[in-house]
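Enquirer: heads up, no residue letters with this:
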């Protein structure tokens, strides 16, 4: 369990991954929309692995849409922001 917890926090420790999660916190998006929003290449978005336990996808034709898997990710963001704003 501690290993899995460390892996979860590792995702939140990577700026690229946290930017992707932040974008998905706002709405469901395809890789092309995330890339435009974050000014990144689609390959950079796709290579941000380790999001599998935090993101779900659905396919519509050839386009895959991504969204946060549940409200726990939002809660982690909320708690983290509360913590850093307490200074």
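Expert: Everything's here; your move. As the structure is a computational prediction, the values presented were derived from the model and not from experiment. Numbers count the residues shown, from 1 in each chain.
Enquirer: From now on I want contacts and neighbour counts done on CA atoms only, so please keep to that.
Expert: Noted.
Enquirer: what helix or strand does residue 32 sit in?
Expert: Secondary structure from DSSP states H and E places residue 32 in helix 31-38.
Enquirer: right, and the helix or strand after that helix?
Expert: Next helix or strand after helix 31-38 toward the C-terminus (DSSP H and E): helix 42-46.
Enquirer: For this structure, which element, helix or strand, carries the lowest mean pLDDT?
Expert: Taking mean pLDDT, DSSP states H and E as the measure, the helix or strand of the chain with the lowest value is helix 42-46, at a mean of 82.
Enquirer: Go through that helix and flag the buried ones.
Expert: Neighbour-count burial for helix 42-46 flags residue 45 (criterion: 16 or more other Cα atoms under 10 Å).
Enquirer: Can you name every helix or strand that that helix contacts?
Expert: helix 31-38 (3 or more Cα pairs under 8 Å, 6 or more residues apart in numbering; DSSP states H and E).
Enquirer: just to revisit the earlier point, mind listing what's buried in the helix holding residue 32?
Expert: Under the neighbour-count criterion of 16+ other Cα under 10 Å, helix 31-38 has 31-32, 34-35 buried.
Enquirer: And the average pLDDT for that helix is what?
Expert: Helix 31-38 comes out with an average pLDDT of 93.
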